[in-house]
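In: From the sequence below, what's the structure:
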Amino acid sequence: MIPEAVKANWRKICDFENASKPQRIEESTGGIIEILSKIDSDGGVSANQTSHVASSKATSRTGEAVGHTLPSFSTAYTELETIMYALGVGASVKEPKDLKFIYEGHSDFSCLPTFGVIIAQKSIMGGQLLEIPGLSIDLAKVLHGEQYLELYKPLPRTGTLRNEAIVADVLDKGSGLVHVIDVYSYSGKELICFNHWLWRHWWKTDFR
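Out: Presented below is the predicted three-dimensional model:
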């Protein structure tokens, strides 16, 4: 399935004259599975044109990577680190609403919620990707693809958070792999935030 095929069939794709109208999620899912099964049995799905690159580079042991737990680590920080982060992403003394993020004497001093990304990034920046079994990773060919953050509690203004990281998935993209890493950050036994990292690993260093 390639973009050109979508373009060639766009009129049919947008034709809802005889469309089904499922009333429940089970009906919708069942219809999708039925269609995919039919396509598979008819041999109507061909391999991506770049899949031969992945098959020659990717190891059959990638299944070992999924579910692999990376070494746990701690992240300690003070008001200085949180203030420097806030200034780095654009907080300003000229904006009264920003003062609680850049002045530790403020009555409501707090961390920017996105500081949770910084807390968890050691799982990647510390070279832990190289320790994933079944994968041979060249950090020169790795690019940060996407980032997702959930904050369950306000970040402590200072402290040390314990982080647990796990390889959630490894996706074959033909020209390379996508490593999906989940990181859970705790203050004591309390879950503070969750990070979902997507790292793209190209076989070539051309990131275009």
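
In: Around residue 91, how many other residues sit close by?
Out: Applying other CB atoms under 10 Å, we find 19 residues neighbouring residue 91. Any C-beta I mention is one placed from the backbone N, CA and C, and that applies to glycine too.

In: Show me the longest helix that occurs in the protein.
Out: Longest helix of the chain, by residue count under DSSP state H: helix 25-41.

In: That helix: which residues count as buried?
Out: Neighbour counts over helix 25-41 (16 or more other CB atoms under 10 Å) mark no residue as buried.

In: That one - what's its average pLDDT?
Out: Mean per-residue pLDDT for helix 25-41: 70.

In: same check, this time on stretch 171-181
Out: 82.

In: how far is it from where the chain is centred?
Out: With CA atoms, centre = their mean, to the nearest Å as the basis, stretch 171-181 stands 11 Å off its chain's centre.

In: Regarding that stretch, how distant is the last residue from the first?
Out: Terminal residues of stretch 171-181 lie 12 Å apart, using CA to CA, to the nearest Å.

In: got it, and stretch 82-93?
Out: Its start and end residues considered, stretch 82-93 measures 15 Å (CA to CA).

In: Isn't residue 77 up against residue 159?
Out: Yes: contact between residue 77 and residue 159 holds when scored by CB atoms under 8 Å: they sit 7.1 Å apart.
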